[in-house]
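>>> Sharing a sequence plus its predicted fold:
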Amino acid sequence: GNRTPKWFLETLGVYTSLLNHCAYCVEHHFAGLQRLLNDDAQADAIRHALERELFDDGFAPAHVAALQYARLLTRHIDDEASLGAAVEAMQERGLDDGEILEVNQVVAYFNYANRTVLGLGVDTLGDTLGLSPGNSESPDDWQHR
């Protein structure tokens, strides 16, 4: 029962990949974000905000808290007090435990995937970008084909 909008899950993936300097995942998932939003200006504004960490411009308070948590989970995994405070901040801004788990799982997955891609030297040459999620026409389709 994923409830977090797919565009924001892709946003978390792009942000985590930016933090990890994983150009392949940034470009691939940014193209997916563009497809989901179907609004290049909005997608470009999101990317600009992520690259400069200007979260208060254009993101809802719950999304700001989730992005701040993503940064901590990616860069400061050993800071248990800050991670706990970030979880509380997400709760205070209206995310329930299921949504917080979704945020955690997406960010943790992208940290894993970024390291896999970087460790193998994967690049975008010859790839068709933005095909994940596989069926952007159906928000209920979470299959990655």
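Structure received. This is a predicted model, so every value here is computed, not measured.
>>> And what about the spatially closest residue to residue 123 that is not a sequence neighbour, helix, strand or coil?
Leaving aside its sequence neighbours, residue 123 sits nearest to residue 24 (Cβ to Cβ, 6 or more residues apart in numbering; 6.1 Å). Just so you know, the C-beta spots here come from the backbone N, C-alpha and C atoms, and that holds for glycine as well. When classified by DSSP: H, G, I helix; E, B strand; the rest coil, residue 24 comes out as helix.
>>> Centre of the chain to stretch 70-77, how far?
13 Å (Cα atoms, centre = their mean, to the nearest Å).
>>> count of residues packed around the residue nearest to residue 123?
20 (other Cβ atoms under 10 Å).
>>> Next: residue 42.
14.
>>> can you tell me how far it sits from residue 48?
The gap separating residue 42 from residue 48 is 11 Å, by Cβ to Cβ, to the nearest Å.
>>> Please, which helix or strand holds residue 74?
helix 61-75 (DSSP states H and E).
>>> following that helix, which helix or strand comes up?
helix 80-92.
>>> Not counting sequence-adjacent ones, nearest residue to residue 34?
residue 43 (4.4 Å).
>>> Can you read off the pLDDT for the one you found?
Confidence at residue 43, expressed as pLDDT, is 95.
>>> Distance from the chain centre to the helix or strand of the chain with the lowest mean pLDDT, please.
Ranking every helix and strand in the chain by mean pLDDT, DSSP states H and E puts helix 23-37 at the bottom, with a mean of 93. Offset of helix 23-37 from its chain centre (Cα atoms, centre = their mean): 10 Å.
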